[in-house]
Structure formats: structure tokens, C-alpha cells
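Novice: this is a predicted model, with the sequence first.
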Amino acid sequence: MVRAASGRLDAAAVGAAARRASRHRDVDVYRDRDRRRGATATGTFSLTVTGPPPPTPPGCQTGGTLTETLFGPAFNGQTPDGLATADETQFSGCGGFSILSVQVNNVNLPDGTQLWVTLDFGAVGTITLTGGAGTMADYNMGRFGVSRDQVRVYSALPDVSTFQQILIGGFFS
């Protein structure tokens with residue numbers, strides 16, 4: 001603010017400052033409006049990738065390899081099937097990790113169709129079909145051992161209104 005020599009506020013200076021503030025506020029309003037209209041911004045992104053935990057230490061009892069048969073009703077004239085495998089040979093109470101793999105067969109959908117795989121309703125991977133079959137890339141479950149956990153295979157994630165469950169498993173044994 002600008003004060004006159006008498007110590008009073010200079011009305012002209014105050015008015016000019018108010019007009020400048022109003023102009024800047026208006027610009028901010030327009031910038032916010034433009035942002036809502038789909039304007040874009042760029043920035044820098046970084047991600048630190050950490051490797052899997054080390055295998056279980058020597059001398060600790062490890063789990064084995066557990067399987068879960070996947071089944072489903074007839075779908076487009078074929079009955080799909082599949083198998084989920086949990087490799088717990090590197091997992092124990094001392095540490096380590098488990099690996100989940102899932103394969104499907106007899107899924108009567110076009111080549112290139114992407115299916116979603118969930119473990120207890122959490123997405124863990126996708127399968128791209130070729131000739132009605134496909135395999136999910138291995139999923140490192142970290143320090144997690146399966147028991148009564150269910151694997152499901154969907155046409156889309158369950159939060160999409162058009163999803164369809166293709167296969168479901170019972171439990172690992």
C-alpha cells in the first residue's frame with residue numbers, strides 16, 4: 001500500500017492496487033475454468049522399482065507348489081477350464097516370496113482378447129488369448145501364502161458394468 005506523506009492511504013494507489021488484484025484474480029478464474037475444460041499440463045515423473053524379496057533363508061521349512069483348478073459354465077459353445085499355480089517353494093515363516101501363475105484353455109473368444117485375473121477380488125494380471133488359450137505373466141505375491149484364496153478370470157474388471165466371469169477356482173490344495 002502507498003501512504004501519502006501525511007500518513008493517510010493514497011486513494012489512487014489503493015484503487016490501482018485493487019484493480020491489479022482484481023485482474024489477477026480474474027486470470028486465475030479463467031485458468032481454473034480452462035483446466036476444467038480439458039487443458040493439459042506436463043510434469044516430471046519418477047518411480048523407484050524394488051526387486052522381489054530374497055528367497056527364504058536356508059534351514060527354514062518352505063511351502064510347496066499348490067494348484068487350484070479353474071472351471072466355468074459353457075461360454076460361446078465351449079466349456080473353458082484353467083489352472084492356477086502358487087509356487088511357495090521360496091516362501092516360509094522366515095521370509096521369502098510366492099509366485100502365482102494362471103493359464104486358461106477352451107475360452108471361445110477372438111485372438112487378442114484380454115482377460116483379467118483376480119486373486120480374492122484384487123487384480124493380479126491379464127491373459128491375452130491366442131487360439132482360445134493363454135497364460136498370465138508370473139505374479140510375485142511377496143510374503144503371502146495362499147490357502148482358501150480364490151482365483152477368478154473375467155472379461156473385464158468387475159467394476160465395469162459389462163464384465164462377465166469366465167472362470168473361477170475352488171481353493172488351493
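Specialist: Perfect, thanks for sending it.
Novice: so what strands line up beside the helix or strand hosting Ile166?
Specialist: Element membership for Ile166 (DSSP states H and E) is strand 165-169. Strand 165-169 has these partner strands in its sheet, going by DSSP bridges: strand 65-71 (antiparallel), strand 151-154 (antiparallel).
Novice: of those, which stretch is the most buried?
Specialist: Per-residue neighbour counts averaged over each of these give the maximum for strand 151-154, namely a mean of 22 (mean count of other C-beta atoms under 10 Å). Glycine gets a C-beta too; all of them are placed from N, C-alpha and C.
Novice: just to revisit the earlier point, need the strands paired with strand 165-169 in a markdown table with distance to Thr89, can you?
Specialist: Below are the strands paired with strand 165-169 laid out as a markdown table (distance: least, C-beta to C-beta, whole Å):
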| stretch | distance to Thr89 |
| --- | --- |
| strand 65-71 | 6 |
| strand 151-154 | 19 |
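Novice: from the middle of its chain, how far away would the strand holding Ile166 be?
Specialist: Here strand 165-169 is found 20 Å from its chain centre; the criterion is C-alpha atoms, centre = their mean, to the nearest Å.
Novice: same question, stretch 107-116
Specialist: Going by C-alpha atoms, centre = their mean, the spacing between the C-alpha centre of stretch 107-116 and its chain's C-alpha centre is 20 Å.
Novice: what about it, start to end distance?
Specialist: From its first residue to its last, stretch 107-116 covers 13 Å (C-alpha to C-alpha, to the nearest Å).
Novice: report the buried residues of it.
Specialist: Across stretch 107-116, burial judged by 16 or more other C-beta atoms under 10 Å covers Val107, Leu109, Thr113, Leu115, Trp116.
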